[in-house]
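Visitor: sequence unknown, structure follows:
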C-alpha cells in the first residue's frame, strides 16, 4: 500500500492521459490550418516584405498568410478576422485588409440573395435551368480551352440547391460564382 497504485487504476490513468493528448490535438487543429487550406499560400521564403505596406520581415515582424488570397502580410495589415463562407459553423480566420472588404461584400451579397424569396419552381423549370446552365458551361469550357486560359474545370455542388455544376477553378485563392439554377452566389477555391 505504500504509494503504489493498484493495477485497476493504471488503465484509468492511461485513459486520462490519452484524453488530455486528444484534447490538445483537437485544440491545435482549430488554430492551425490544414494542409489543404495552404495549397494556395505563397511560400514564406518567397517574400521578404509585407505585400501591402512593404515592411521588412524579421525577428519582431512576423509573416502572416491571408487565408483568402494566400499572400503574406505583416500583423498590422491582417487585422481582419472573418469566416470565409456563410456556413454557420465556419470559424473566423485571418485575412488581409483587402480581402476583408471583399469577403464582407461577398457574404453580404450571399445573405441578401438567400433572404430573397425564391418562387416555387416545378421540376421541369429546374431541369430546364439546369440544361441551360450545362450548355453555358460547355460553351465556356470549350472557348476557354481554345483560348488557353490555363484554368481547369471542376464539378462543384451548389450549397443551396445541390445541383452539380462544371465551373472554372481559379488558379489561386478563391472566387465567388453564382449558381446558374438558383442564382445563389458561393465560393470556389483553387484547391
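Guide: Cool, got the structure. Values in this document were obtained by computation on a predicted structure and should not be read as measured data.
Visitor: wait, is residue 109 part of a helix?
Guide: Yes: counting by DSSP: H, G, I helix; E, B strand; the rest coil, residue 109 is part of a helix.
Visitor: can you report how many residues neighbour the closest residue to it other than its chain neighbours?
Guide: Distances taken as Cβ to Cβ, 6 or more residues apart in numbering put residue 185 closest to residue 109, at 5.6 Å, once the chain neighbours are dropped. (Each C-beta comes from the backbone N, C-alpha and C, glycine too.) Residues lying near residue 185 (other Cβ atoms under 10 Å) number 18.
Visitor: where's residue 185 relative to residue 57, distance?
Guide: 35 Å (Cβ to Cβ, to the nearest Å).
Visitor: strands of the protein, start to end?
Guide: For the chain, applying DSSP state E gives strands covering 64-65, 72-73, 80-82, 93-95, 153-157, 164-168, 174-178, 185-189.
Visitor: domain parsing of the chain, as residue ranges.
Guide: 39-115, 152-189 (the TED database).
Visitor: what about the last one, how long is it end to end?
Guide: Going back to what we said before, that points to domain 152-189. 12 Å (Cα to Cα, to the nearest Å).
Visitor: helix or strand with the lowest mean pLDDT in this structure?
Guide: Counting by mean pLDDT, DSSP states H and E, the chain has its least confident helix or strand at helix 9-31, which shows a mean of 54.
Visitor: from residue 111, how far off is the residue nearest to the spatial centre of the chain?
Guide: Compute the mean C-alpha point of the chain, and by Cα atoms, centre = their mean the closest residue is residue 84, 5.7 Å away. Look at residue 84 and residue 111: by Cβ to Cβ, they are 14 Å apart.
Visitor: and for residue 171?
Guide: 28 Å.
Visitor: distance to residue 129 and mean pLDDT for the domains of the chain - can I get that in a markdown table?
Guide: Shown next, in a markdown table, are the domains of the chain (distance: least, Cβ to Cβ, whole Å; pLDDT from 0 to 100):
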| stretch | distance to residue 129 | mean pLDDT |
| --- | --- | --- |
| domain 39-115 | 16 | 89 |
| domain 152-189 | 5 | 78 |
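Visitor: which among those domains is found nearest to residue 125?
Guide: Proximity to residue 125 (Cβ to Cβ) singles out domain 152-189 among the domains of the chain, at 9.5 Å.
Visitor: only the buried residues of that closest one, if you could.
Guide: Buried residues in domain 152-189, counted by 16 or more other Cβ atoms under 10 Å: 156, 158-161, 163, 165, 167-169, 172-175, 177, 179-182, 184-187, 189.
Visitor: ok now that domain, how far from the chain's centre?
Guide: Distance of domain 152-189 from the chain centroid (Cα atoms, centre = their mean, to the nearest Å) equals 13 Å.
Visitor: do the same with stretch 78-96
Guide: That offset, for stretch 78-96, works out to 9 Å (Cα atoms, centre = their mean).
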